[in-house]
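Trainee: only the shape, not the letters, is given here:
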């Protein structure tokens, strides 16, 4: 390898996406869905949340042995983050979490595997976030989501965040719903998902429908319930649905784990 080429070191550190086949333009198309404003600079992609993605790197048997990538890997991508001064006040751990989510979201969509020596971020739980240009009353949200609830829904104020609320039931719920008001879209630490594009500039509100099951292991029934509820709410609020990894989805079935999608 050329002097000062740190590719092997970075692939080994990860998070790295290993692919057994060249996906062609599919990666670029997915990255533009993840962030419509993504920029390509000198062989790497730069995203608005401070994440960088390098690749594709052609993986030879020698490079695979150096980096610990599985046998049969032909191409790889690895994620990292912008330097602190360029991250718009986003903490390193938050931005690295987004890099992990991006790599894992690409792996789900492309049938790849995730590798790296850096300890992985926390488990990514099943979630669908609905971003909308303006709030609607909690009563309307309850009417939309009640068919998917395991009991009678009611709203309860979030004591830690003014104007935010939870939707709860007396029974153990299939999923939890929390509402975040538009003013929080100005928070540079947790800005709106890059995938919503121009809607970010409108200070959207957000509902999160989440569950404690890992996104890649949740049952098909639970994924479809969360997905259908999110799309019903998005239709009612003219909103956009974003999955656990930060990608927009077009139908409830897109929340299914890969094994469930293949079985359908």
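Mentor: Cool, the structure landed. The structure presented is a predicted model; accordingly, all values stated were derived computationally and were not measured.
Trainee: all helices for the chain, in order.
Mentor: Shown for the chain, the helices assigned by DSSP state H span residues 7-13, 26-34, 61-67, 92-110, 138-145, 220-237, 258-263.
Trainee: now distance to residue 117 and mean neighbour count too, for those, in JSON lines please.
Mentor: C-betas here are computed from N, CA, C, even on glycine. As requested, the helices of the chain are exported to JSON lines (distance: least, CB to CB, whole Å; neighbours: other CB atoms under 10 Å):
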{"stretch": "helix 7-13", "distance to residue 117": "5", "mean neighbour count": "18"}
{"stretch": "helix 26-34", "distance to residue 117": "23", "mean neighbour count": "17"}
{"stretch": "helix 61-67", "distance to residue 117": "9", "mean neighbour count": "16"}
{"stretch": "helix 92-110", "distance to residue 117": "13", "mean neighbour count": "20"}
{"stretch": "helix 138-145", "distance to residue 117": "42", "mean neighbour count": "16"}
{"stretch": "helix 220-237", "distance to residue 117": "31", "mean neighbour count": "20"}
{"stretch": "helix 258-263", "distance to residue 117": "24", "mean neighbour count": "12"}
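Trainee: so which of the ones you listed is nearest residue 174?
Mentor: When the helices of the chain are compared by CB to CB, helix 220-237 sits nearest residue 174, at 5.7 Å.
Trainee: ok, back up a step: of all the helices of the chain, which lies closest to residue 206?
Mentor: helix 220-237 (10.3 Å).
Trainee: quick one: mean pLDDT for that closest one?
Mentor: Helix 220-237 shows a mean pLDDT of 96.
Trainee: now what about that helix, what contacts it?
Mentor: With contacts defined as CB atoms under 8 Å, 6 or more residues apart in numbering, helix 220-237 is touched by 126-130, 132-134, 136, 140-141, 144-145, 148, 174-175, 207, 209-211, 213, 239-241, 249, 251-257, 260, 263.
Trainee: sorry, back to before: could you redo the helices of the chain as TSV and give each row distance to residue 165?
Mentor: Shown next, in TSV, are the helices of the chain (distance: least, CB to CB, whole Å):
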stretch	distance to residue 165
helix 7-13	41
helix 26-34	29
helix 61-67	47
helix 92-110	24
helix 138-145	6
helix 220-237	14
helix 258-263	32
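Trainee: mean pLDDT lowest where, among those?
Mentor: helix 258-263 has the lowest average pLDDT among the helices of the chain, namely a mean of 48.
Trainee: find the nearest non-adjacent residue to residue 64, please.
Mentor: Distances taken as CB to CB, 6 or more residues apart in numbering put residue 73 closest to residue 64, at 5.4 Å, once the chain neighbours are dropped.
Trainee: I figured the one you found hits residue 61, correct?
Mentor: No. Under the criterion of CB atoms under 8 Å, residue 73 is not in contact with residue 61, lying 9.3 Å apart.
Trainee: this completes my enquiry, with thanks.
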